[in-house]
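K.L.:
build me a model from this:
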Amino acid sequence: MSLVKMPYWPFRHLLVPILSSAWLLAGCAPPPVETARVRLSITLPDQDPGKLIDGSIAPPSLVDLRDVPAPPVATSVSHRANQLVQQRGSAKQVEIVPAPEPDRPASEPVPAAKTAGAPSRSPELIPAPEGVPEGKMVPAEGAKLGTDSGEPAVFPDGGEGPEDHRTWPTPDVALVVTGNQHGYIEPCGCTGLDRQKGGMARRFTFLRELRDQGWPLVPIDAGNQVRRFGRQAEVKLQQTVKALKAMDYQAVGFGPEDVRLGVGELLAVAAGETAEDTIYVSANVVLIDPSLMPQNKMIEKNGMNLGITSVLDPDALEIKTSDEILVEPKNEAAKKALAALGRADFKVLMFFGEEEAAEQLARDVPGFDLMVVAGGYGEPTYRPAQIDGSETRMIVTGNKGMYAGVVGIYTDAPIRYARVPLTHEFEDAPEMRQLMAEYQDQLRDIGLGGLGLLPPIPNSSGQKFIGTAKCGECHKTAHEIWEGTPHAHATDSIVKPPKERGDIARHFDPECISCHVTGWNPQEYYPYQSGYLSLDASQHLTGNGCENCHGPGSEHAAAEADGSGVAAELRDQLRNAMKLPLEKAREQCMKCHDLDNSPDFHDEDAFEDVYWPEVEHYGVD
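P.N.:
As a prediction, the model looks like this:
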């Protein structure tokens, strides 16, 4: 059965060849066709490739189904082959044509951007996020911006699909909202930059494009800039705040990972005598003394007063903060901040925590026009949520800084919202590339010892790493196979990264080193004793070598040496200890081939059908 190429979204002219037309031309009755899985080749979209995760996708309303009923179609996405998998029981060829968009004839093209100078980038056309309860996504009735009389600001009824902000008239004020960067200051590129969203360099370009079009911007961030804690996280926070200031962020909140850092590090980036002296604002996070940081901000932009504050939900904290960092109860802090914002034209509460907690807070503390929520899971929704029992609208930021949200505020028209995926279509801004280079240079200068990673800890086996070349002395065929895989060149790929990221080496960055050398813990980013330390000291441990999967081999190699005198029983025990059964190999591989760095690996049967055949090897020659 031949595969049919088709545009990916929005299911344009999807062909489902269930039965070869040869049967029909021959005039023969086709054999009975049972329900079967049919695999269709598709083309991923340029505008929002991201890192797709298998799951259910609801196609749009379908019309023009010829000769067949139109039962529901269950679909899922396969990253490895960029394929759509479709389950149905019909034995007819079906052409599926999407229904016309609301209020627009099917033949009418999508309107061009109304704003002069808008980029030609394709609008976002991707599936809506899963897991959004039906009742939560009821768009509000159209209305104008709230006034001093206390009338709430609401959003227009914009339909079900994503809005394209480039079709808007220039807003009086445009909020750009982000959050939960979680340490992902740039996409690593391990799975291809065209398949990863996010990065501060792309975000800078997006903001610059809006400013070049004359949009009055107020960028804000709901917090959680880093992940983990320690010296590397502190350095990353410093560079992140530099980047946020360079992008002219006006208000930034705290996330639970941020407050795990020392109070001194936080004060260095967040303290200010006045609201104008710092980009940070929090209604309930106190660093030593409330006077050291503003609890709210009043921002005047284009004749409009925006009142902004942030709240970190204490329930989002996984560990207790230090005594110098106080996280006050959220309801009382939000009420106090709301009162301080007075009669601002538009009141915004940034909230880090679960969406359900944000909704309850909006009901308990009415009066905010908009809540910007970080800390949940999944992607931002197409529309702001209308919270039951509240007139506050809620938008979510998504994870890892992969999206920016744009809120267009108009004094004489309904407020509008669009999410913007930060894909490779946004070029890396040189200003941010320079900051990324400075970050890597700092890691180099600080060194593994300064980052708190020396001395290394012993491997749980108690053995030492000896290097892949030593393994190859006996396992010659396996070594030759390894040399032909990307594993052998893993270190080279961070010393001299390929393509557009080649200007910045990353072999001093523990978060990159851990899966690109031999002898590190891949998920916790630290070296083991006798593991890789540097290019000069550990050349024999470059590449992702045998021992990362089979374990350090010092005792096994010693026992196999001529004249070792090791008893056969012990020798065999050491041999068996190095074996990695195929049924356990996939789990071992996933320590580096995780969803962030290798989403294709997690496709059904991808390990057995694609990845294992590339490295397949068995024992000694």
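
K.L.:
buried ones in stretch 294-313?
P.N.:
294-297, 299, 301, 304-313 (16 or more other Cβ atoms under 10 Å). Glycine gets a C-beta too; all of them are placed from N, C-alpha and C.

K.L.:
hmm, I was thinking of stretch 397-413
P.N.:
397-410, 413.

K.L.:
ok, the buried residues of stretch 294-313 vs residue 489, which is closest?
P.N.:
residue 312 (42.9 Å; Cβ to Cβ).

K.L.:
ok so, going back, among the buried residues of stretch 397-413, which ones are in strands?
P.N.:
403-409 (DSSP state E).

K.L.:
can you tell me which of those residues is nearest residue 559?
P.N.:
residue 403 (54.3 Å).

K.L.:
so what's the closest one up against?
P.N.:
178, 197-198, 379-380, 397, 419-422 (Cβ atoms under 8 Å, 6 or more residues apart in numbering).

K.L.:
how about residues contacting the longest helix along the chain?
P.N.:
Longest helix in the chain by number of residues, with DSSP state H as the criterion: helix 430-450. Contacts to helix 430-450, defined as Cβ under 8 Å, 6+ apart, come from residues 185-186, 199-201, 203-204, 231-232, 235-236, 239, 242-243, 246, 451, 454, 503-506, 508-510, 527, 533.

K.L.:
can you check stretch 553-572 too?
P.N.:
By Cβ under 8 Å, 6+ apart, stretch 553-572 touches 463-466, 470-471, 474, 530, 546-547, 574-575, 577-578.

K.L.:
go again with 6 Å.
P.N.:
463-464, 466, 470, 547, 574, 578 (Cβ atoms under 6 Å, 6 or more residues apart in numbering).

K.L.:
also stretch 317-326?
P.N.:
Here stretch 317-326 has contacts from 256, 259, 263, 286, 288, using Cβ under 6 Å, 6+ apart.

K.L.:
mind doing that once more with 8 Å?
P.N.:
With Cβ under 8 Å, 6+ apart as the test, stretch 317-326 has contacts from 256, 259-260, 262-263, 266, 285-288, 327.

K.L.:
low-confidence ranges in the protein?
P.N.:
1-160 (pLDDT under 70).

K.L.:
quickly list the domain ranges of it.
P.N.:
Using automatic domain parsing, the domain ranges for the chain come out as 14-98, 173-431, 453-615.

K.L.:
now those domains as JSON lines including distance to residue 621?
P.N.:
Output for the domains of the chain, formatted as JSON lines (distance: least, Cβ to Cβ, whole Å):
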{"stretch": "domain 14-98", "distance to residue 621": "31"}
{"stretch": "domain 173-431", "distance to residue 621": "32"}
{"stretch": "domain 453-615", "distance to residue 621": "5"}
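
K.L.:
which one of those domains is the most hemmed in?
P.N.:
Highest mean neighbour count among the domains of the chain (mean count of other Cβ atoms under 10 Å): domain 173-431, with a mean of 21.

K.L.:
on that earlier part again, could you identify the helix or strand that succeeds the longest helix of the chain?
P.N.:
Sequence-wise, the next helix or strand downstream of helix 430-450 (DSSP states H and E) is helix 468-472.

K.L.:
show residues contacting that next one.
P.N.:
With contact meaning Cβ under 8 Å, 6+ apart, helix 468-472 is reached by 478-480, 482, 488, 518, 540, 543, 545-547, 553, 557.

K.L.:
in these, find the pair that's most separated.
P.N.:
488 and 557 (19.4 Å).

K.L.:
closest one to residue 250 out of the buried residues of stretch 294-313, please.
P.N.:
Distance to residue 250, by Cβ to Cβ, is smallest for residue 299 among the buried residues of stretch 294-313, at 5.4 Å.

K.L.:
wait, that closest one sits on residue 309?
P.N.:
No: under the criterion of Cβ atoms under 8 Å, residue 299 is not in contact with residue 309, lying 11.2 Å apart.

K.L.:
got any residues that touch both of these two?
P.N.:
Common neighbours of residue 299 and residue 309 (Cβ under 8 Å, 6+ apart) are residue 251.

K.L.:
measure residue 350 to residue 368 for me?
P.N.:
With distances taken as Cβ to Cβ, to the nearest Å, residue 350 is found 10 Å from residue 368.

K.L.:
with residue 423 instead?
P.N.:
Residue 423 is 31 Å from residue 368, by Cβ to Cβ.

K.L.:
then stretch 546-564 to CSV, C-alphas only?
P.N.:
Output in CSV follows, covering the C-alpha atoms of stretch 546-564 (Å, rounded to 0.1, in the frame of the first residue of the first chain):
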residue,chain,number,x,y,z
CYS,A,546,30.5,1.3,26.2
GLU,A,547,30.8,1.7,29.9
ASN,A,548,27.9,4.2,30.1
CYS,A,549,25.6,1.4,29.3
HIS,A,550,27.5,-1.7,30.5
GLY,A,551,29.1,-0.1,33.6
PRO,A,552,32.8,0.6,34.4
GLY,A,553,34.9,-2.3,33.3
SER,A,554,38.2,-2.1,35.2
GLU,A,555,37.8,-5.4,37.1
HIS,A,556,36.4,-7.3,34.0
ALA,A,557,39.3,-6.1,31.9
ALA,A,558,41.9,-7.0,34.5
ALA,A,559,40.4,-10.5,34.9
GLU,A,560,40.6,-11.1,31.1
ALA,A,561,44.3,-10.1,30.8
ASP,A,562,46.9,-12.7,30.1
GLY,A,563,48.3,-14.1,33.3
SER,A,564,45.7,-12.4,35.5
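
K.L.:
show me what contacts residue 333?
P.N.:
283-284, 295, 311.

K.L.:
please repeat the previous calculation with a cut-off of 7 Å.
P.N.:
Remark: with contacts taken as Cβ atoms under 7 Å, 6 or more residues apart in numbering, residue 333 is in contact with 283-284, 311.

K.L.:
and the buried residues of stretch 397-413, which two are the farthest apart?
P.N.:
That would be 400 and 413, which, of the buried residues of stretch 397-413, are the farthest apart (Cβ to Cβ) at 32.9 Å.

K.L.:
that older thread, out of the contacts of helix 468-472, which is nearest to residue 354?
P.N.:
Distances from residue 354 to these, taken by Cβ to Cβ, are shortest for residue 518, at 40.0 Å.

K.L.:
if I look at the residue lying closest to residue 451 once chain neighbours are set aside, how far off is residue 576?
P.N.:
Computed as Cβ to Cβ, 6 or more residues apart in numbering, the closest residue to residue 451 that is not its neighbour in sequence is residue 231, at 4.7 Å. Using Cβ to Cβ, residue 231 is found at 40 Å from residue 576.
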